[in-house]
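Chemist: With the input below, show me the fold.
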Amino acid sequence: MSVEVRDYRPGDEQAWLRCRVLAFLGTAYFDDVCTSKPVPRRGAALVAVDDDAASGERGPAIAGVLDLSVDGSLATIDTIAVHPDFRGAGIGTALFEQARIRAAALGAVTIDAWTRDDEQTLAWYRARGFAESEHYLHVYADYYVSAAEPPAAVRARPGLQPMKVFLHAPLAREAEMRRTFRRVHVCRRFAQPVTGT
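Modeler: Next comes the predicted model:
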């Protein structure tokens, strides 16, 4: 397999969307689906393209994606995903190394990412020298899981029935949130110096 990391091009959009949704499917972000590619205001949008796979009518074979936003001295990984068919080949690391070069060129001194409690993802960040710091909760109140969840999260207004609610909560309320809602994730910040390992 020969993979090239390059800048995202508009013709990559459908392959980018497929790669991201398939990569996220088995994670805590399984329902974070985009129907069009978000565009970072300032940063980098990178793709890893499998040169050995034939490009079909749908565009190039995208093996991985990484979007990076830079705000002052902070670069944030907005999306990093590797297509399940290409995992374990170093594609995520290759994308990250290129993102770090781009972040430095844009004046960033720290690179960070926020992620949820997927063990493989946490291990990947730790293996690349990221330090874990801030934490909070992502809480989902879903009527289709339990009709009692949305009313426990928000007060309904006349004529409005909450069906799904996404909330943030402090980590100190984790036990309470887990007693009340079925889907609760710890959101964690990982960071490192742009020039570090």
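
Chemist: Tell me where the model's unsure across this structure.
Modeler: Judged by pLDDT under 70, the chain has its weakly predicted residues at 1, 52-60, 196-197.

Chemist: Could you find the closest non-adjacent residue to residue 153?
Modeler: Closest residue to residue 153 in three dimensions, ignoring its sequence neighbours and counting by Cβ to Cβ, 6 or more residues apart in numbering: residue 141, at 3.7 Å. C-betas here are computed from N, CA, C, even on glycine.

Chemist: Partner strands of the one helix or strand the one you found maps to and their direction?
Modeler: With elements taken from DSSP states H and E, the one containing residue 141 is strand 131-142. Strand 131-142 has the following sheet partners, assigned by DSSP bridges: strand 164-170 (antiparallel), strand 183-193 (antiparallel).

Chemist: Run through the bridge partners of the residue nearest to residue 153.
Modeler: Per DSSP bridges, the residues bridged to residue 141 are residue 165.

Chemist: Thought residue 152 was touching it, still the case?
Modeler: Yes. In this structure residue 141 lies within contact range of residue 152 using Cβ atoms under 8 Å: 6.5 Å.

Chemist: Quick check: neighbours shared by these two?
Modeler: The overlap between the contact sets of residue 141 and residue 152 (Cβ atoms under 8 Å, 6 or more residues apart in numbering) consists of residue 181.

Chemist: And these two? Which one has more around it.
Modeler: Using other Cβ atoms under 10 Å as the criterion, residue 141 and residue 152 rank with residue 141 on top: 24 against 12.

Chemist: how far away is the more buried one from residue 166?
Modeler: In this structure, residue 141 and residue 166 are separated by 8 Å, where distance is defined by Cβ to Cβ, to the nearest Å.

Chemist: number of nearby residues for the nearest residue to residue 162 once chain neighbours are set aside?
Modeler: Closest residue to residue 162 apart from its sequence neighbours, by Cβ to Cβ, 6+ apart: residue 150 at 3.7 Å. Residue 150: 21 surrounding residues under other Cβ under 10 Å.

Chemist: wait, what's in contact with residue 106?
Modeler: When contacts are counted by Cβ under 8 Å, 6+ apart, residue 106 touches 42, 43, 44, 70, 75.

Chemist: is it true that the second one touches residue 75?
Modeler: When you say that, I think you mean residue 43. Yes. If you go by Cβ under 8 Å, residue 43 and residue 75 touch, sitting 6.9 Å apart.
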